[in-house]
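Asks: I would like the atomic coordinates for the input below:
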Amino acid sequence: MIEIRCWESRSGKKPVKEWLAELKRFDDLAFRKVDKLLLLLRALGRDMGLPGSKALGGGLYELRDMGRGAGYRVYYTWVGDMIIILLAAGDKGSQERDIDLARRRLADLPDAP
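Replies: This is a model prediction of the structure:
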């Protein structure tokens, strides 16, 4: 079974986990949409494609909430075929910053693709 993990800083913080908790707290409907996409990603794995998931190159992928609203995104990578690491998250408005952050975190992973 595919395992989903959150990127963890050296100090033990998990920013994507914190982002998801905040999303749930302030917009439960949006959280449920993102959670459903994560469950779908876990079930379909690498077979999940557009419109829900998009390869950004260099081992980075974007999970996309394409519904109405903010357009939430979760950036992730694969470690092998059974582990997904959630690197960063945000909405369409912070997309460029979030992708840059995800790429930096990806480069710091010991098993980076």
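
Asks: Tell me which stretches of this protein form helices.
Replies: Ranges of helices within the chain are 15-26, 28-44, 95-108, based on DSSP state H.

Asks: can you put those helices in CSV and add mean neighbour count?
Replies: Quick note: C-beta positions are derived from backbone N, CA and C, even for glycine. What follows is the helices of the chain, written out as CSV (neighbours: other Cβ atoms under 10 Å):
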stretch, mean neighbour count
helix 15-26, 15
helix 28-44, 15
helix 95-108, 16
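
Asks: can you list those in TSV and add distance to Gly52?
Replies: TSV is the format used below for the helices of the chain (distance: least, Cβ to Cβ, whole Å):
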stretch	distance to Gly52
helix 15-26	17
helix 28-44	6
helix 95-108	16
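
Asks: if you take the average position of this protein, which residue is closest to it?
Replies: Using Cα atoms, centre = their mean, the residue of the chain that lies closest to the mean C-alpha position is Val74, 2.9 Å off.

Asks: what number of residues lie near Ile4?
Replies: Counted with other Cβ atoms under 10 Å, residues neighbouring Ile4 total 15.

Asks: Not counting sequence-adjacent ones, nearest residue to it?
Replies: Spatial nearest neighbour of Ile4, chain neighbours left out: Ile84 (4.8 Å); criterion: Cβ to Cβ, 6 or more residues apart in numbering.

Asks: partner residues bridging the one you found?
Replies: Counting by DSSP bridges, Ile84 is bridged to Ile4, Trp78.

Asks: show me where pLDDT drops low in this structure?
Replies: For the chain, the stretches with pLDDT under 70 are 66-70, 111-113.

Asks: Now with 90, please.
Replies: 1, 30, 45-52, 64-71, 80-81, 92-93, 108-113 (pLDDT under 90).

Asks: picking that back up, could you list every residue that touches the residue nearest to the centre of the chain?
Replies: Under the criterion of Cβ atoms under 8 Å, 6 or more residues apart in numbering, the neighbours of Val74 are 16, 34, 37-38, 62-63, 86, 88-89.

Asks: run the last query once more with 10 Å
Replies: Neighbour list for Val74: 4, 6, 16, 19-20, 34, 37-38, 41, 53, 61-65, 84, 86-90, 98, 102 [criterion: Cβ atoms under 10 Å, 6 or more residues apart in numbering].
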